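In: quick one: sequence and predicted model below, then my questions.
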Amino acid sequence: MHISEGVLSMPVLAAGAAMTVAGTAVGLKKMNYDRLPQVAILSAAFFLASLVHIPIGPASVHLVLTGLLGILLGWAAFPAILIGLALQGVLFQYGGLTGLGLNTLNMALPAVLCYYLFGPWARRPSPGLSGTGAFLAGFGAVFLSGLMVGLSLVCTGESFLGAAKTVVIAHVPVMILEGIITVICVQFLKKVKPEVLDVAYTT
Amino acid sequence: MSPTPRKRILSVGRMVFLAWLMVLLSAPAVLAHKVYLFSWVEGDMVHVEAYFNKSRKVKGGKIIILDASGQKLLEGQTDDNGLFSFKAPIKADLTVVLEASMGHRNEWIIPADELPDVGGAAEPGDSTVAAVDVPEAKPAPVGSPTKEVNAETFVPVQADPEQIRKIIDEALEARLKPLEGLPKAVAGLQQAVIELRKEEQKPGWVEIIGGLGWIFGIMGLAMYLRSRKK
């Protein structure tokens, strides 16, 4: 889901960068700094996620974890994902640095949206409700990211519907997988360290 | 005022420590982090090079050649330039073990297909038998045909062009036979370089650990700065 260097034009990249700067500023302001170590751990998990390949049928996909980051971090997902993508760019050469702002936006904004949409459900004690919320967060974050990538590609001349459809359909297995993984993580956290879920990282 | 017993012990101890340090530091191996070992094949000779860094070679380092099952095949010592050469004993995976001073040790594995066929291990259709004996093919082919012409067919007046062509062909074939393995060897080299470059591009452990280090480093810095603000 990283858009590679040279695909998008400067105005689009600049707009994306500007919005990411804004989002990161909000994230840093709202972040509960007592929780900083856990934010760092989630950023590290995001950084490593792309290295975990899971074979699905003939192809293999890698984890994204933006849904989980969204419901746990809220707006703090912006700085966490920004740093994760920046390091992936520098160390693994995944995506370039000019596209960093836009790629962060495409991943972090859906995360924040999922925080508002599904976060409350995921926090509820009832396993059914929390499981549904977690699944929808994982699924939805990737889905929304797909839409945003489609939107970003519009300026290259593709129609939004065409581009979005391609990206989203290609990522359906990832969406389902992410949903499942988010459910597993949330259930695990509830048993082992429920405070991580109960207290929002952002005020 | 004569020094107290405690002061005397301390001063003697200091001198002993300094002496020990000087002896230790005079051995070049101490300042090295690891010992480097490389091995490559040229023709039917295997060369080994051992060094601590570019300016400090391993002199008199013990070299042991093992086969795949760990059996010792031969032993040797590196010379003053850190080099040691031996004739490949068998065409099989070989392990070169280096034991240098001060507990430095390293290993290098030579895969069987880098080695020339030796003894009964040769396969019938293998064209790399003679390996790449390029340095020895120095003399220009031009020299010998005239010699052979003189020895075999001393043509008094006119030379039969067909005969000359045949002689030149035979001489060339003899000279070029050792180079038969060259295209295959070059292709193998190219493949190896491509594989190396592919490996370079993959995210390795170094990058992963580096990335994690950065994340927690930034976290630590942020926490420190915030604690100062308070």
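Out: Cool, the structure landed. Residues are numbered from 1 along each chain as shown, chains lettered A, B, ... in the order given.
In: and what about B:L74, helix, strand or coil?
Out: Following DSSP: H, G, I helix; E, B strand; the rest coil, B:L74 is assigned to strand.
In: same thing with B:V46?
Out: Under three-state DSSP, B:V46 comes out as strand.
In: just for chain B, where's the confidence low?
Out: Applying pLDDT under 70 to chain B flags the ranges B:1, B:26-31, B:119-158.
In: can you give me the helices in it?
Out: Along chain B, the segments classed as helices by DSSP state H run B:5-26, B:143-151, B:161-176, B:182-201, B:205-229.
In: quick one: buried residues of the last one?
Out: Neighbour-count burial for helix B:205-229, with 16 or more other C-beta atoms under 10 Å in any protein chain shown as criterion, is recorded at B:E207, B:I208, B:G211, B:L212, B:W214, B:I215, B:I218, B:M219, B:A222. C-betas here are computed from N, CA, C, even on glycine.
In: can I get those in JSON lines with distance to B:E180?
Out: Converted to JSON lines, the buried residues of helix B:205-229 look like this (distance: C-beta to C-beta, whole Å):
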{"residue": "B:E207", "distance to B:E180": "43"}
{"residue": "B:I208", "distance to B:E180": "45"}
{"residue": "B:G211", "distance to B:E180": "49"}
{"residue": "B:L212", "distance to B:E180": "52"}
{"residue": "B:W214", "distance to B:E180": "53"}
{"residue": "B:I215", "distance to B:E180": "56"}
{"residue": "B:I218", "distance to B:E180": "59"}
{"residue": "B:M219", "distance to B:E180": "62"}
{"residue": "B:A222", "distance to B:E180": "65"}
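In: give me the subset of these touching chain A.
Out: Under the cut-off given by C-beta under 8 Å from any C-beta of the partner chain, chain A has B:E207, B:I208, B:G211, B:L212, B:W214, B:I215, B:I218, B:M219, B:A222 from the buried residues of helix B:205-229 close to it.
In: show me which of the residues you listed is closest to A:K165.
Out: The shortest approach to A:K165 among these belongs to B:G211, at 33.6 Å (C-beta to C-beta).
In: list the contacts of the one residue sitting closest to the centre of chain A.
Out: Residue closest to the mean C-alpha point of chain A, counted by C-alpha atoms, centre = their mean, is A:T66 at 2.4 Å. Residues in contact with A:T66 (C-beta atoms under 8 Å, 6 or more residues apart in numbering or on different chains) are A:F46, A:A77, A:I81, A:M107, A:A108, A:P110, A:A111, A:C114, A:A141, A:V142, A:S145, A:E178.
In: element containing A:P120, please.
Out: Assigned by DSSP states H and E, A:P120 belongs to helix A:100-123.
In: now find how far off-centre the helix or strand following that helix is within its chain.
Out: Tracing the chain C-terminally past helix A:100-123 and defining elements by DSSP H and E, one meets helix A:127-153 next. How far helix A:127-153 lies from its chain's middle: 9 Å, per C-alpha atoms, centre = their mean, to the nearest Å.
In: what pLDDT, on average, does helix A:127-153 get?
Out: Mean per-residue pLDDT for helix A:127-153: 91.
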